[in-house]
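1. Below are the sequence and a predicted model for it; my questions follow.
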Amino acid sequence: MSILEDLAATIAERAKADPESSWTAKLLAKGPEKCAEKFGEEAIEAVIEAVKNDREKLTYEAADVLYHLLVMLESRDVALADVLGELARRQGMSGVAEKASRKS
Ligand SMILES: N=c1c2ncn([C@@H]3O[C@H](COP(=O)(O)OP(=O)(O)OP(=O)(O)O)[C@@H](O)[C@H]3O)c2ncn1[C@@H]1O[C@H](COP(=O)(O)O)[C@@H](O)[C@H]1O
């Protein structure tokens with residue numbers, strides 16, 4: 001199992017945990033809209049570090065983005081396996097060809 005798959009499994013487990021002892025449980029208890037908002041905030045923080053070209057902070061913020069993406073997916077019952085499946089489907093297809101295929 002990859003670290004992302006491990007983390008997604010931990011997040012799914014924490015959905016039933018006590019919000020007092022788990023950040024994930026606390027965030028999920030606030031609902032999908034709050035999870036989406038938090039993901040957006042973390043993404044903006046990563047954007048800021050990318051623009052500033054601070055590679056150390058960008059690495060830290062990118063980890064936050066991935067964690068909060070997984071929490072957002074869990075909040076809407078979207079499996080990481082389905083996201084990875086979509087990426088696998090795109091493998092070998094250039095981004096230009098993929099965009100053209102969506103227009104037709
Ligand atoms: N990867 C993470 C992870 N990344 C970030 N965070 C938390 O996300 C929170 C939000 O980050 P912020 O920088 O916005 O923190 P903040 O300023 O306190 O938040 P605000 O009050 O401003 O909303 C912080 O409290 C971080 O600790 C994470 N919390 C948990 N995990 C993973 O999830 C697992 C389960 O964690 P729990 O659910 O807490 O048991 C952990 O073992 C980790 O593997």
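-> Structure's in. What do you need?
2. And Arg90, what's its pLDDT?
-> Each residue has a pLDDT score; the one for Arg90 is 88.
3. For it, which non-adjacent residue is closest in space?
-> Glu98 (5.9 Å; Cβ to Cβ, 6 or more residues apart in numbering). The C-beta positions use only the backbone N, C-alpha and C, and glycine is treated the same way.
4. how much space is there between that neighbour and Leu69?
-> Glu98 sits 20 Å away from Leu69, going by Cβ to Cβ, to the nearest Å.
5. between those two, who's got more neighbours?
-> Leu69 (18 against 11; other Cβ atoms under 10 Å).
6. List the residues that contact the most centrally placed residue in the chain.
-> Nearest to the mean C-alpha position of the chain, by Cα atoms, centre = their mean, lies Leu69 at 1.7 Å. By Cβ atoms under 8 Å, 6 or more residues apart in numbering, Leu69 lies in contact with Phe39.
7. downstream neighbour of the strand or helix carrying it in the secondary structure list?
-> Assigned by DSSP states H and E, Leu69 belongs to helix 55-75. Sequence order places helix 80-90 as the next helix or strand after helix 55-75, per DSSP H and E.
8. Now look at that following helix and say if it contacts the ligand.
-> No - Helix 80-90 stays out of contact with the ligand when judged by Cβ under 6 Å from any ligand atom, the minimum separation being 13.7 Å.
9. tilt between that helix and helix 55-75?
-> Angle between the axes of helix 80-90 and helix 55-75 is 110 degrees (criterion: axes from the mean of the first three to the mean of the last three Cα atoms, to 10 degrees).
10. Beyond helix 80-90, next helix or strand please.
-> helix 95-103.
11. packing partners for that next one?
-> For helix 95-103, there is no helix or strand it packs on, judged by 3 or more Cβ pairs under 8 Å, 6 or more residues apart in numbering; DSSP states H and E.
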